[in-house]
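need a 3D model of the following:
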Amino acid sequence: MDTRILLIAMENGERNIYCEAIRGLGVKVSAVPSLKGLNADVTDLYFHGVVIDMPTKIYALKNDKEFIYGTLRKFPAAHVSIEKESRQIRVFYPGQDPGATLLDFINDKCRPFPPRRLAYHIRKEIHFNVILSKDRGSRISTSEKTVTVDVSEKGCFLFSVQDWAPGDTAWLTVMELSDSTPIGAQVCRYVRWGTAMQVPGIGVKFKEINELQTKEISKMLWS
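Presented below is the predicted three-dimensional model:
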């Protein structure tokens, strides 16, 4: 697979300089001004690393803090800026050697990194109304009416006061999705009611979810 970098930079002359420099290293680049409202052309791609323009980051943190830090934690990330006089690109990334360049970042951090799809690694505070049950065929009257605390494309955390254990199967009917087919999920984390300073509930990983439901969740994550 070709090495691909996500460049986060405002649409200006600096962004063009970054793009040309990255392509000049034989690397593909997808450039976006922000992580808000991305379409499938970007969220469906696999990336080896992220390069973010420092002025863009400072501006984006006002509205995109959750997305920016969530993304930078999941990928090799480098901060870049352009010197005013020389117009040379300055690069900053964890563990770099003195005088490290963009090429060093690509070769040392990005090329060895197993590429990841961007959308899989964003977790957002979304409160879906959910009918939660331990059996797929349970009636609504005997199920728990609850809400999600946060959501990713892979799973979610739900408020619950029932007894659960890691490995249990949970069935989620999400009222906000157009397809109300129960989503099968595996419990990965359980917080018992009464645990000090924590929301009781379960963290689950989606195991049985159809394509339409995945696309709708992904769209909400990036809206």
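
the protein: helices as residue ranges?
Remark: helices assigned in the chain by DSSP state H are 13-23, 40-43, 54-74, 102-105, 211-221.

separation between the residue of the chain most remote from its centre and residue 145?
Farthest-out residue of the chain from its mean C-alpha position, per Cα atoms, centre = their mean: residue 85, at 36.2 Å. According to Cβ to Cβ, to the nearest Å, residue 85 and residue 145 sit 63 Å apart. To be clear about C-beta, it is placed using only N, CA and C from the backbone, and glycine gets the same treatment.

again, but for residue 183
Taken as Cβ to Cβ, the span from residue 183 to residue 145 is 16 Å.

again with residue 61
For residue 61, the distance to residue 145 - Cβ to Cβ - is 36 Å.

also residue 163?
17 Å.

one more: residue 133?
Counting by Cβ to Cβ, the gap from residue 133 to residue 145 is 10 Å.

what's the answer for residue 103, then?
In terms of Cβ to Cβ, residue 103 sits 55 Å off from residue 145.

and the two? which has more neighbours close in?
Per other Cβ atoms under 10 Å, whichever of residue 103 and residue 145 has more neighbours is residue 103, with 15 against 11.

only the C-alpha atoms, please, for stretch 211-218, written as PDB.
C-alpha atoms of stretch 211-218 as PDB (Å, rounded to 0.1, in the frame of the first residue of the first chain):
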ATOM      1  CA  GLU A 211     -23.500  -1.100   6.300                       C
ATOM      2  CA  LEU A 212     -26.300   1.500   6.400                       C
ATOM      3  CA  GLN A 213     -26.100   1.800  10.200                       C
ATOM      4  CA  THR A 214     -22.300   2.100  10.000                       C
ATOM      5  CA  LYS A 215     -22.600   4.900   7.400                       C
ATOM      6  CA  GLU A 216     -25.200   6.800   9.400                       C
ATOM      7  CA  ILE A 217     -23.100   6.600  12.600                       C
ATOM      8  CA  SER A 218     -20.000   7.700  10.600                       C
END
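
any buried residues in that stretch, and which?
213, 217, 218 (16 or more other Cβ atoms under 10 Å).

got TSV for those residues, with distance to residue 192 and pLDDT too?
Shown next, in TSV, are these (distance: Cβ to Cβ, whole Å; pLDDT from 0 to 100):
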residue	distance to residue 192	pLDDT
213	29	94
217	27	91
218	31	83
